[in-house]
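Participant: Sequence and computational prediction follow.
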Amino acid sequence: MSEPQGSEGTTQRLPVIERAAEGDGRDRSASAAAYGPPEGGAGGERRFWSARRVPAGIVALLVLLVAGLFLYDIAAVRAHRPAMHWRHELSRQLAERPLDDPWVLVGAGVAAALGLWLILLAVTPGLRAVLPMHRTHSDVRAGLHRDAAAMVLRDRAMEVSGVQSAQVRMSRTKADVRAVSHFRELDDVQADLDLSLTEAIRALGLARPPALSVHVARTTRKG
């Protein structure tokens, strides 16, 4: 499973006849709230760790190629054959080039950057797109993909009366919901969205429920 930056889901109902809206159609209503873990949950579940198959495979392949090349050259020398030219040239360059040589510094920088990258992969869990869920059994762990969570919240938002379309961006710490209303007062729609989405987030059973941010705007399309 792959992370990336924010999960998004959109949907839209068929156009309906609207009431005449007052103003220039730019009215907005917004709210933000944060939620604790579900009842009975500790809220301390850790993220899932990625298997890192691609980086591990690349490193293993490079090590295999380099080790095989050196092993072949050593076996050739032991068989009274001349060593490969590249090994003589490498030995000469390492013996003659000073430590402040630009190529030596570039090589050292690349090696250090690769080493830091591997260390970072080793100490970070990865799988940012998978949200840990509240554990009800000690021997079972579950996770919910951010795209699936965003789809659930989008569907719940579309069930609120007055919502014509909804867009949800889901991150590990925040659920940003932007809805368009074609009738009803924006404050009423926003209040219903707050209530419905609060229940939806709790129903997801996430170990660390994201903060909820709701924005409601008036549609500008008529007819």
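Facilitator: Great, that's in hand. What you are looking at is a predicted structure, and each value in this text was computed from that prediction instead of being measured.
Participant: Which strands or helices does the strand or helix carrying residue 107 pack on?
Facilitator: Secondary structure assignment for residue 107, by DSSP states H and E: helix 102-123. Helices and strands touching helix 102-123, by 3 or more Cβ pairs under 8 Å, 6 or more residues apart in numbering; DSSP states H and E, are helix 53-78. Every C-beta, even on glycine, is put in place using the N, C-alpha and C of the backbone.
Participant: List the buried residues for the helix it packs on?
Facilitator: Neighbour-count burial for helix 53-78 flags residue 73 (criterion: 16 or more other Cβ atoms under 10 Å).
Participant: and that helix with helix 102-123, angle?
Facilitator: 130 degrees (axes from the mean of the first three to the mean of the last three Cα atoms, to 10 degrees).
Participant: How is this structure partitioned into domains?
Facilitator: 7-47+129-218, 53-123 (automatic domain parsing).
Participant: For this protein, which segments count as helices?
Facilitator: 53-78, 85-96, 102-123, 146-158, 186-204 (DSSP state H).
Participant: Among these, show the one with the smallest mean pLDDT.
Facilitator: Ranked by mean pLDDT, the helices of the chain bottom out at helix 85-96, with a mean of 82.
Participant: Columns distance to residue 220 on top of the helices of the chain, output as CSV?
Facilitator: Below are the helices of the chain laid out as CSV (distance: least, Cβ to Cβ, whole Å):
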stretch, distance to residue 220
helix 53-78, 46
helix 85-96, 68
helix 102-123, 46
helix 146-158, 19
helix 186-204, 14
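Participant: re earlier: need the winner for burial among the domains of the chain.
Facilitator: The highest mean neighbour count among those, using mean count of other Cβ atoms under 10 Å, belongs to domain 7-47+129-218: a mean of 17.
Participant: ok so, going back, which residues touch the helix holding residue 107?
Facilitator: Defining contact as Cβ atoms under 8 Å, 6 or more residues apart in numbering, one finds that helix 102-123 is touched by 52, 55, 59, 97-98.
Participant: Using PDB, write out the CA atom coordinates for it.
Facilitator: The C-alpha trace of helix 102-123 is given here as PDB (Å, rounded to 0.1, in the frame of the first residue of the first chain):
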ATOM      1  CA  PRO A 102      36.100  16.900  -5.500                       C
ATOM      2  CA  TRP A 103      35.300  13.400  -6.800                       C
ATOM      3  CA  VAL A 104      36.200  11.900  -3.400                       C
ATOM      4  CA  LEU A 105      33.900  14.400  -1.700                       C
ATOM      5  CA  VAL A 106      31.100  13.800  -4.100                       C
ATOM      6  CA  GLY A 107      31.400  10.000  -3.700                       C
ATOM      7  CA  ALA A 108      31.500  10.400   0.100                       C
ATOM      8  CA  GLY A 109      28.400  12.600   0.000                       C
ATOM      9  CA  VAL A 110      26.500  10.200  -2.200                       C
ATOM     10  CA  ALA A 111      27.400   7.300   0.100                       C
ATOM     11  CA  ALA A 112      26.400   9.200   3.200                       C
ATOM     12  CA  ALA A 113      23.100  10.300   1.700                       C
ATOM     13  CA  LEU A 114      22.300   6.700   0.700                       C
ATOM     14  CA  GLY A 115      23.200   5.500   4.200                       C
ATOM     15  CA  LEU A 116      21.000   8.100   5.900                       C
ATOM     16  CA  TRP A 117      18.100   7.200   3.500                       C
ATOM     17  CA  LEU A 118      18.500   3.500   4.500                       C
ATOM     18  CA  ILE A 119      18.600   4.400   8.200                       C
ATOM     19  CA  LEU A 120      15.500   6.500   7.800                       C
ATOM     20  CA  LEU A 121      13.700   3.700   6.100                       C
ATOM     21  CA  ALA A 122      14.800   1.300   8.900                       C
ATOM     22  CA  VAL A 123      13.500   3.500  11.800                       C
END
